[in-house]
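Student: no FASTA, just this:
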């Protein structure tokens, strides 16, 4: 694999690019401070925009690393900051948990994760963003496969994964930042099994 970092990406409706500390107020208002959004995330809702600012300031440092992937999702039509999408190196699931045959774990088990503000749900934005980073991972970074998981209580996220080509692999237990267990469903997509998904 050839790690490239969080390079800007464009889709028909979206612009994906690194976030900055100056985006804190918009991020807090649009999703980070929303309990309904954080319910299915591993992180708790932010208490105020200062908490969001501090997080984004830390992210700005992490963007210097070639293996750090975390995009802000903006709507190209009006520049609205809608959410985030990125890749993380899975830490909770052992190679033995995966059922799909022939998975190469030499580079670890990478998984995309995404989050959108409630005002932007149900419009295909998450699928469009997921398909864009999926193609970037396979075509530019050179990854062979990607996992993906969602909380069992959030089946809408599973539908996004399925629309972008992922298929259910196994049930799993993930943990929130405070250690609370969360029942999840894990999905898998190999590069050779990918079918180009329309971006809208």
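Tutor: Yep, it's here. Keep in mind it's a predicted model, so treat the numbers as computed, not measured.

Student: Was I right to think residue 116 contacts residue 128?
Tutor: No: the pair residue 116 / residue 128 is not scored as a contact, 10.8 Å apart, by Cβ atoms under 8 Å. Backbone N, C-alpha and C define where each C-beta goes, glycine included.

Student: The spatially most central residue of the chain: which element?
Tutor: Centrality entry for the chain: nearest residue to the mean C-alpha point is residue 113, 2.1 Å, by Cα atoms, centre = their mean. Residue 113 is part of strand 110-116 when elements are defined by DSSP states H and E.

Student: Can you give the distance of that strand from its chain's centre?
Tutor: 1 Å (Cα atoms, centre = their mean, to the nearest Å).

Student: which phi and psi does residue 106 have?
Tutor: Backbone torsions for residue 106, taken as degrees, to the nearest 10, come to phi -60, psi -30.

Student: got a list of contacts for the strand holding residue 113?
Tutor: Contacting residues not belonging to strand 110-116 are listed as 31, 37, 41, 73, 82-90, 125-126, 129-130, 133-134, 137, 143, 146-149, 157, 160 [Cβ atoms under 8 Å, 6 or more residues apart in numbering].

Student: 6 Å instead?
Tutor: Residues from elsewhere that reach strand 110-116 (Cβ atoms under 6 Å, 6 or more residues apart in numbering): 82-85, 87-90, 126, 133, 146-148.

Student: so which of those residues comes closest to residue 57?
Tutor: Residue 57 has its nearest neighbour among the contacts of strand 110-116 in residue 84, at 15.3 Å by Cβ to Cβ.
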